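# no sequence for this one, just the structure:
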DNA sequence: CAACACCGTTGTTTATGAAGGAACAATACC
DNA sequence: GGTATTGTTCCTTCATAAACAACGGTGTTG
């Protein structure tokens, strides 16, 4: 097969499979025609046509009408359904996210460490018209998002180091790129039990993050609410922090975490 | 590449892609090792190992620990999320299914025609311990399930014929395989507005199906409750039929369907 | 109404990239 | 400490996927 295009990262990994998923993820953006996709991905029309036919045969794509455009097929639901079945965290989180988004009038997200990334594994969009865009399955920045900072703060310092080895990218003037300042930040988050982020990743967008604990008390995931800092009811204030913490505690409880009984008041 | 195994259906379709998805769907059943999968699918260990690495690189599989077994990755959630975004029917159906399953104490399903199949596109498991097994993304039998019969009953007779061309498979002694009897059945379903099925596909399992209508009144999907005919509160009785119909009407209304005003009583 | 432009599909050919087989490195288990 | 089993990596080979061009539709336009 002649590869007229540049093949940069071909260390290993099945080229054909990678292309199939590229195609599928393009389809995820809405119905697409063969020619359109071929141009978008720099492939041959015939390749795309045959690939889509394969995907359609498997149910991961559908072609509503003969000789027409393709779109995502319902078989993707099967995989997701099975994934959720195996992940108690996400299953338990769904209703919590729904209530949280509604009450906070902000977008609610759940993230956790998967492989070597921090990924958003569930979300509920804000009921407000204006909301921050995000996608399930996307990754989040370790040092510049409330979700990432909570996940890092919950790790043993040795593990945390491995996440902060690479240079810390600066997204805005508020991004914390100083390692000493970040260390203080983690200490603060661990002590207070929540993280704040105001424009560190995107200017004008704020986020509050809180840990989700498993039965052993470990911080295994992060729950957050986020939204524009102006124009919606969402604010980085005490009320929203308490609301988030309440729901994070509820989710932790659903996972079997029992809070330590409050210390008896002295005297 | 030497294909020592029989390659029966290789008309077209990318072999590598088909294998990748076979692998993924195997993983959907739970964590699997490389060797295990290789045996299960009749592939070479090396092939499976490389394929899984590719899938892991894309996020569709994960290997929780080095040199360990693989499982499904969170990227599958992304595709499903986008699919749902594009499908108002399923989005609106989810809360309806939840309530319906809880109130009927039975499994609730939503099915529709996709490509050339009737597929379950959403479900909510029964709150009862004993429940019928089913999977989102699976297909349902046109002539022997309540879902299938409702979908067929809602079609124009000409279209319906195309679904019933092949010989009608008999699953149990109750399966309707006589075409005249089936025609009567469709007429009945259309008149009553719901379908009953008792052991036609699996002995001991019953199902009630009702149509979901779009704004134009067309039957675009089928909603159902199903469960064992003994051992749970689920029954094929008037109470459950009315419950299902109420939720099906609610879903239709959410999709913009306005019921015709009841005819004024005569006299 | 014919000519055109566009789309998705389908042959055919070729060398590329995936499959095979075996050896390799880690574990876990006697 | 040996042994069995796991997942990974080499290397060779040829079957397979990519390219390219021609085809058969559909809708549009002069």
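Cool, the structure landed. Computed from a prediction, not measured in an experiment: that's the story for all the values here. Numbering: from 1, shown residues only, chains lettered A, B, ... in the order given.
# In the record's domain split, what are the boundaries for chain A?
A:15-77, A:87-254 (automatic domain parsing).
# distance between the ends of the first one?
With C-alpha to C-alpha, to the nearest Å as the measure, the ends of domain A:15-77 fall 25 Å from one another.
# In the stretch 101-250 of chain A, where is pLDDT below threshold?
A:129-130 (pLDDT under 70).
# Please, where are all the strands along it?
Here the stretch 101-250 of chain A has its strands, by DSSP state E, counting those that start in this stretch, at A:107-114, A:117-124, A:195-198, A:205-213, A:219-228.
# By proximity to DNA strand C, which residue of the stretch 51-200 of chain A wins?
residue A:67 (4.4 Å; C-beta to the nearest atom of the strand). Heads up, the C-betas are built off the backbone N, CA and C, glycines and all.
# do the same with the stretch 1-150 of chain A
Closest point on the stretch 1-150 of chain A to DNA strand C, by C-beta to the nearest atom of the strand, is residue A:33, at 2.3 Å.
# Tell me the buried residues in stretch A:110-121?
Neighbour-count burial for stretch A:110-121 flags A:110-114, A:117-121 (criterion: 16 or more other C-beta atoms under 10 Å in any protein chain shown).
# mind listing what residue A:145 touches?
A:197, A:200-201, A:207, A:209 (C-beta atoms under 8 Å, 6 or more residues apart in numbering or on different chains).
# Other residues contacting the host helix or strand of residue A:50?
According to DSSP states H and E, residue A:50 maps onto helix A:45-58. With contact meaning C-beta under 8 Å, 6+ apart, helix A:45-58 is reached by A:19-20, A:23-24, A:34-35, A:37-38, A:41, A:61-63, A:70, A:73, A:75, B:12-14, B:17-18, B:21, B:115.
# So among the residues you listed, which ones count as buried?
A:19-20, A:23-24, A:34, A:37-38, A:41, A:61-63, A:70, A:73, A:75, B:13-14, B:17-18, B:21.
# How much space separates the nearest residue to residue A:103 once chain neighbours are set aside from residue A:105?
Closest residue to residue A:103 apart from its sequence neighbours, by C-beta to C-beta, 6 or more residues apart in numbering or on different chains: residue A:243 at 5.9 Å. To residue A:105, residue A:243 is 10 Å away according to C-beta to C-beta, to the nearest Å.
# what does residue A:40 give?
36 Å.
# How many residues are close by the closest residue to residue A:81 other than its chain neighbours?
Spatially, and ignoring its direct neighbours in sequence, residue A:81 is nearest to residue B:136 (4.2 Å; C-beta to C-beta, 6+ apart). By the criterion of other C-beta atoms under 10 Å in any protein chain shown, residue B:136 has 24 neighbours.
# now residue B:136: how far from residue B:171?
Residue B:136 is 22 Å from residue B:171, by C-beta to C-beta.
# One more: residue A:53?
Residue A:53 is 31 Å from residue B:171, by C-beta to C-beta.
# Same check on residue A:23?
For residue A:23, the distance to residue B:171 (C-beta to C-beta) stands at 37 Å.
# Do I have it right that the residue of the stretch 1-150 of chain A closest to DNA strand C meets residue A:69?
Yes - applying C-beta atoms under 8 Å as the test, residue A:33 and residue A:69 come out as touching, 4.5 Å apart.
# one step back: looking at the contacts of residue A:145, state which has the most neighbours.
residue A:207 (31 neighbours).
# just so I have it, where are all the helices in the stretch 51-200 of chain A?
A:75-85, A:88-104, A:146-153, A:157-163, A:179-192 (DSSP state H, counting those that start in this stretch).
# how far off strand A:107-114 does the third one point, in degrees?
Which is helix A:146-153. 40 degrees (axes from the mean of the first three to the mean of the last three C-alpha atoms, to 10 degrees).
# Show me what helix A:146-153 is packed up against.
Under the contact definition 3 or more C-beta pairs under 8 Å, 6 or more residues apart in numbering or on different chains; DSSP states H and E, helix A:146-153 sits against strand A:107-114, strand A:117-124, helix A:179-192, strand A:195-198, strand A:205-213, strand A:219-228.
# can you list contacts of that helix?
A:109, A:111-113, A:118, A:120, A:140-143, A:160, A:163-164, A:185-186, A:189-190, A:194-197, A:207-211, A:219, A:221-222, A:224, A:226.
# Please produce a ChimeraX select command covering the buried subset of the residues you listed.
Selection command for ChimeraX covering only the buried members of these, criterion 16+ other C-beta under 10 Å:
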select /A:109,111,112,113,118,120,140,141,142,143,160,163,185,186,189,194,195,196,197,207,208,209,210,211,219,221,222,224,226
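# Residues of chain A that sit close to DNA strand C?
A:1-3, A:7, A:14-16, A:33-36, A:45-46, A:49-50, A:52-53, A:63, A:66-69 (C-beta under 7 Å from any atom of the strand).
# which residue does the stretch 151-267 of chain A bring closest to chain B?
Closest residue of the stretch 151-267 of chain A to chain B, C-beta to the nearest C-beta: residue A:221 (12.0 Å).
# Quick check, that residue in contact with residue A:209.
No - counting by C-beta under 8 Å, residue A:221 sits too far from residue A:209 to count as a contact (10.3 Å).
# Out of the strands of the stretch 101-250 of chain A, which is closest to residue B:81?
When these are compared by C-beta to C-beta, strand A:117-124 sits nearest residue B:81, at 8.0 Å.
# Grab the most central residue of chain A for me.
Nearest to the geometric centre of chain A sits residue A:120, at 1.6 Å (C-alpha atoms, centre = their mean).
# roughly how far apart are that one and DNA strand D?
26 Å (C-beta to the nearest atom of the strand, to the nearest Å).
# Which neighbouring residues are in contact with that residue, exactly?
Residue A:120 touches A:109-111, A:134-140, A:147, counting by C-beta under 8 Å, 6+ apart.
# go again using 6 Å as the cut-off
Applying C-beta atoms under 6 Å, 6 or more residues apart in numbering or on different chains, we find residue A:120 in contact with A:109, A:111, A:136, A:138.
# And for residue A:220?
residue A:214.
# go with 8 Å
Taking C-beta under 8 Å, 6+ apart, one finds A:89, A:112, A:154, A:212-214, A:255 in contact with residue A:220.
# Who has more neighbours out of residue A:33 and residue A:69?
Here residue A:33 and residue A:69 are compared on neighbour count by other C-beta under 10 Å; more neighbours surround residue A:69, at 17 against 14.
# Would you point out which residue of the stretch 101-250 of chain A is nearest DNA strand D?
For the stretch 101-250 of chain A, C-beta to the nearest atom of the strand, closest residue to DNA strand D: residue A:115, 12.2 Å.
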